[in-house]
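Trainee: Sequence first, predicted model second:
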2 protein chains.
Amino acid sequence: MDVSTKEGHLAIAQTYRSTLLSNVIPFWMRYGLDREHGGYLTALDRDGTVIDTDKSIWFQGRGAWTFATLYNTVEQKTEWLDAAWSGIEFLRRHGSSADSKLYFTVTREGQPLRMQRYVYSESFAAIANAAYARASGNAQAADDAIAFLDTYLGYSFEPGRMLPKVNDATRPMMGIGALMIGIATAQEVRENLGDVVLKGRTCTSWIDWAIERIEQYFLKPEHEALMEGVGPNGEIIDHFDGRQLNPGHAIECAWFIMHEGKRRGDQRLVRLGLTILDWMWKRGWDDEYGGIFYFRDLRGQPVQDYWHDMKFWWPHCEAIIATLLAWTLTGDEKYARWHQQVHEWSFRHFPDPEFGEWYGYLHRDGQISVPLKGNMWKGPFHLPRMLWYCWKLLDSDAGRKGYTP
Amino acid sequence: MDVSTKEGHLAIAQTYRSTLLSNVIPFWMRYGLDREHGGYLTALDRDGTVIDTDKSIWFQGRGAWTFATLYNTVEQKTEWLDAAWSGIEFLRRHGSSADSKLYFTVTREGQPLRMQRYVYSESFAAIANAAYARASGNAQAADDAIAFLDTYLGYSFEPGRMLPKVNDATRPMMGIGALMIGIATAQEVRENLGDVVLKGRTCTSWIDWAIERIEQYFLKPEHEALMEGVGPNGEIIDHFDGRQLNPGHAIECAWFIMHEGKRRGDQRLVRLGLTILDWMWKRGWDDEYGGIFYFRDLRGQPVQDYWHDMKFWWPHCEAIIATLLAWTLTGDEKYARWHQQVHEWSFRHFPDPEFGEWYGYLHRDGQISVPLKGNMWKGPFHLPRMLWYCWKLLDSDAGRKGYTP
């Protein structure tokens, strides 16, 4: 299916819409809602059977964002609003530790299991509450969204707040993850609550700050790569961790930046996103079997992570968005071709025709590694976000601008 | 090659001996010794090129144990004693933090990088110093061996000393790893320094204590499985982590126990080891592609670790030892057959005929995933230990008892 043709455009938009509304969302509504204790159960076997009742705090936020966003942008269905509330309420009751940092996992009933150094639970709680506040008018949700984003920014960017993984005195290092997720979180909070001020900066100003840092420190024209981690002045850290590239992650970053450029009509930002996409597509696409590799080494040396060549659902979702957005922004046939490649590879390998939803973890050649539909890392987020974003993009004027019928 | 025939026995012993002495040890002696800063570099590409200069503290101990043990049991080569000293000295200079706990990784020069909650660095430092003390008569090495084992036992088994991974109040859980490695560490310290007393118990008494706990809490006849983690009274924890079996790890545990039974002439211990081997071989062996799976679920449900079906070098090394030891102890043809299966699969898929040593990480079907020869987890330990142990076993009277020529 080629999005640059009129029939292709319409058919692809219809595929995204129907996969979202008739397949993926019904799967999570049927199997993922915990009607006894509230919140979402994401550890589901192929057929939806719960195989682990532990709850991911990431997914209480991510799931609530998905359901609230559908309510806000697709249709005001009570069942979606209720589903969003279920995650919001579970987070309020059971998400936080005594020092108000959010957990990583809790039991089905909400007893604490694991706390992480990171604050990604907070970023997802922020977008969930922002979208839910817009959907419901709930004032506490709006306050909570801002408080979670404030916590996220504090832990992520105030020196010394987060315990480093590697001794900071020996090898100071910064990761791109916090900046990227900072952009997406601020975008979503702004989308739903307006351009609020956090720690003296608007969301838009935080987005600028994060993009500037990515461009200044992580973007390496001499290598045609976007790094995952660098030294405090952007130094390449010539060790396993420092050289390791994550093409899917970088391509996700690319579309966050393109999205921002499109929103502002800022061609410089659009070009920055396109550049990242161009470089990381080349590094990530598997010419032999198709699909996107998980990890690559900056210089093509062996990586330490032995499962580096597996094909995960989420980098493919991100690449589908990025290539489609690039096509609609530029009309460059190259992006329509890339979109076709990743769209077709993904829809050929990931969907489960029998029970719905997508498998998450494939071997390099596209064979299934584990048949589960969810776990602590996979739930109602990357796939529905991609289907929703791409459907809306193709359905909008901006989307239609891309093709020449 | 069938070890139950006289020709097979001799040829297999010769394979282990020559692979150890003419291939694996020369590889590490040539590429793994850091002649500038001391200690060992284990992050080596296929051809021995250093691809990461960071040092694993596990491998400073494990490597020194390997070289000192060859000196003690094969030939008193000065180069092996010097190689062992290099690791011992690096550990003394750079291994410990201010609170005397050992790091997990340091830079090539010895600056601290990562500290772990676990104390496996200490267990490997203990066996290294014990073997080196015997090789050299170095009194500090003997003292250090005992001190490291004491630290290991304290952190591993005194309640509250080690920070739990999962909230202890919600879900108390104990792992088999600390008990298993406790057995092997006490065995090696006893082998080289005699049956010393730690915290009021001899090494032998610690071994009994650990085996009893494994039998009481981790062994599940009703499931024919050895668990990796259980509740404080041996409860099965019905979540991803609790159900996850590691056949190679369990089979390693099996031969530690058989080895103890053989040493003591204790048939009950031998039978316990055989039982674990029988159960976990059935769960681990891949009937379709051959080789041993990395993870399996207790009930055959999907595991969370998507690389569960990969074939790693070390479970194969441990299974070669366990099946061979079982064969020499019982003369049961089943074990000779299993040994042949895992030996042949391993020697067909892991060795690199061009540059020597073994690849470490294969896909399920035996194809290479990453071509490196070492990293922070792979170095001169499992493979040389297997080759040494199995060669010595087949070369000894006890080994020869097994086959009927």
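Mentor: Cool, the structure landed. Numbering: from 1, shown residues only, chains lettered A, B, ... in the order given.

Trainee: Could you pull up the residues touching residue A:196?
Mentor: A:146, A:189, A:190, A:202, A:203 (CB atoms under 8 Å, 6 or more residues apart in numbering or on different chains). Quick note: C-beta positions are derived from backbone N, CA and C, even for glycine.

Trainee: Tell me how many other residues crowd residue A:235.
Mentor: 13 (other CB atoms under 10 Å in any protein chain shown).

Trainee: Give me the subset of the contacts of residue A:196 that lies in strands.
Mentor: Secondary structure from DSSP state E places residue A:202 of those in strands.

Trainee: possible to save the contacts of residue A:196 as CSV with pLDDT?
Mentor: Listed next are the contacts of residue A:196 as CSV, based on pLDDT from 0 to 100:
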residue, pLDDT
A:146, 98
A:189, 98
A:190, 98
A:202, 98
A:203, 98
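
Trainee: which one of the contacts of residue A:196 has the most neighbours?
Mentor: Busiest of the contacts of residue A:196 [other CB under 10 Å] is residue A:189, holding 27 neighbours.

Trainee: For residue A:253, which non-adjacent residue is spatially closest?
Mentor: residue A:180 (4.6 Å; CB to CB, 6 or more residues apart in numbering or on different chains).

Trainee: For residue A:22, give its distance to residue A:51.
Mentor: Per CB to CB, to the nearest Å, residue A:22 is found 25 Å from residue A:51.

Trainee: my guess is residue A:219 meets residue A:276, correct?
Mentor: Yes: using CB atoms under 8 Å, residue A:219 makes contact with residue A:276 at a distance of 7.2 Å.

Trainee: hmm, back to that, the residue nearest to residue A:253 contacts residue A:255, doesn't it?
Mentor: No: Residue A:180 lies out of contact with residue A:255 (CB under 8 Å); the separation is 10.5 Å.

Trainee: need the residues of the stretch 1-150 of chain A near chain B, please.
Mentor: A:43, A:45-46, A:51-54, A:107, A:111-115 (CB under 8 Å from any CB of the partner chain).

Trainee: For residue A:370, give the beta-bridge partners.
Mentor: residue A:361 (DSSP bridges).

Trainee: That one: what's it in contact with?
Mentor: A:359, A:360, A:361, B:302, B:303, B:304, B:306, B:308.

Trainee: wait, which of those is closest to residue A:207?
Mentor: residue A:360 (29.4 Å; CB to CB).

Trainee: Next, the contact list for that closest one, please.
Mentor: A:312, A:313, A:314, A:350, A:370, A:372, A:373, A:374, A:375, A:378, B:306.

Trainee: Buried ones among the residues you listed?
Mentor: A:312, A:313, A:314, A:350, A:370, A:372, A:373, A:374, A:375, A:378, B:306 (16 or more other CB atoms under 10 Å in any protein chain shown).

Trainee: quick one: the second one and residue A:382 touch, right?
Mentor: Yes: if you go by CB under 8 Å, residue A:313 and residue A:382 touch, sitting 6.5 Å apart.

Trainee: which of the contacts of residue A:360 lies closest to residue A:80?
Mentor: residue A:374 (18.6 Å).

Trainee: How about the closest one: what's its closest non-neighbour residue?
Mentor: residue A:42 (4.0 Å).

Trainee: now swap in residue A:141 and tell me
Mentor: residue A:133 (3.8 Å).

Trainee: burial count for that neighbour?
Mentor: 23.

Trainee: Is it within a helix or a strand, and which one?
Mentor: helix A:120-136 (DSSP states H and E).

Trainee: Give the other helices and strands that that helix contacts.
Mentor: In terms of contacts (3 or more CB pairs under 8 Å, 6 or more residues apart in numbering or on different chains; DSSP states H and E), helix A:120-136 is packed against helix A:57-73, helix A:78-94, helix A:139-157, helix A:177-193.

Trainee: Which of these has the highest mean neighbour count?
Mentor: helix A:57-73 (a mean of 27; mean count of other CB atoms under 10 Å in any protein chain shown).

Trainee: Helix A:120-136 and that helix, what's the angle between them?
Mentor: Relative orientation of helix A:57-73 and helix A:120-136, computed by axes from the mean of the first three to the mean of the last three CA atoms, to 10 degrees: 20 degrees.

Trainee: before we move on, back to that, can you name the residues that contact the residue nearest to residue A:253?
Mentor: A:210, A:214, A:249, A:252, A:253, A:256.

Trainee: cool, and residue A:190?
Mentor: A:196, A:202, A:203, A:204, A:207.

Trainee: again with residue A:42
Mentor: Contacts of residue A:42 (CB under 8 Å, 6+ apart): A:32, A:55, A:56, A:59, A:63, A:374, A:375, A:376, A:378, A:379, A:380.

Trainee: Against residue A:385, how distant is the fourth one?
Mentor: Residue A:59 sits at a distance of 13 Å from residue A:385 (criterion: CB to CB).

Trainee: again, but for residue A:290
Mentor: 23 Å.

Trainee: burial measure for residue A:348, as a count.
Mentor: Residue A:348 has 11 nearby residues by other CB under 10 Å.

Trainee: Now it. Nearest residue, chain neighbours left out?
Mentor: residue A:366 (7.5 Å).

Trainee: can I assume the one you found is in contact with residue A:286?
Mentor: No: the criterion here is CB under 8 Å, and residue A:366 misses it with residue A:286 at 9.8 Å.

Trainee: can you list residues touching both of these two?
Mentor: Shared contacts of residue A:366 and residue A:286 (CB under 8 Å, 6+ apart): residue A:311.

Trainee: residues in contact with the residue lying closest to residue A:220 once chain neighbours are set aside?
Mentor: The spatially closest residue to residue A:220, leaving aside those adjacent along the chain, is residue A:227, at 6.1 Å (CB to CB, 6+ apart). Residues near residue A:227 by CB under 8 Å, 6+ apart: A:176, A:218, A:219, A:220, A:236, A:242, A:245, A:298.

Trainee: quick one: low-confidence parts of chain A?
Mentor: A:397-405 (pLDDT under 70).

Trainee: next one: phi and psi at residue A:231?
Mentor: phi -70, psi 180 (degrees, to the nearest 10).

Trainee: my bad, should have said residue A:311
Mentor: Dihedral angles for residue A:311 - degrees, to the nearest 10 - are phi -110, psi 110.

Trainee: Repeat that for residue A:74.
Mentor: phi -110, psi -60.

Trainee: for residue A:49, same thing?
Mentor: Dihedral angles (degrees, to the nearest 10) for residue A:49: phi -60, psi 130.

Trainee: Ok, the one 5 residues further on next?
Mentor: Phi and psi for residue A:54, reported as degrees, to the nearest 10, are phi -60, psi 150.
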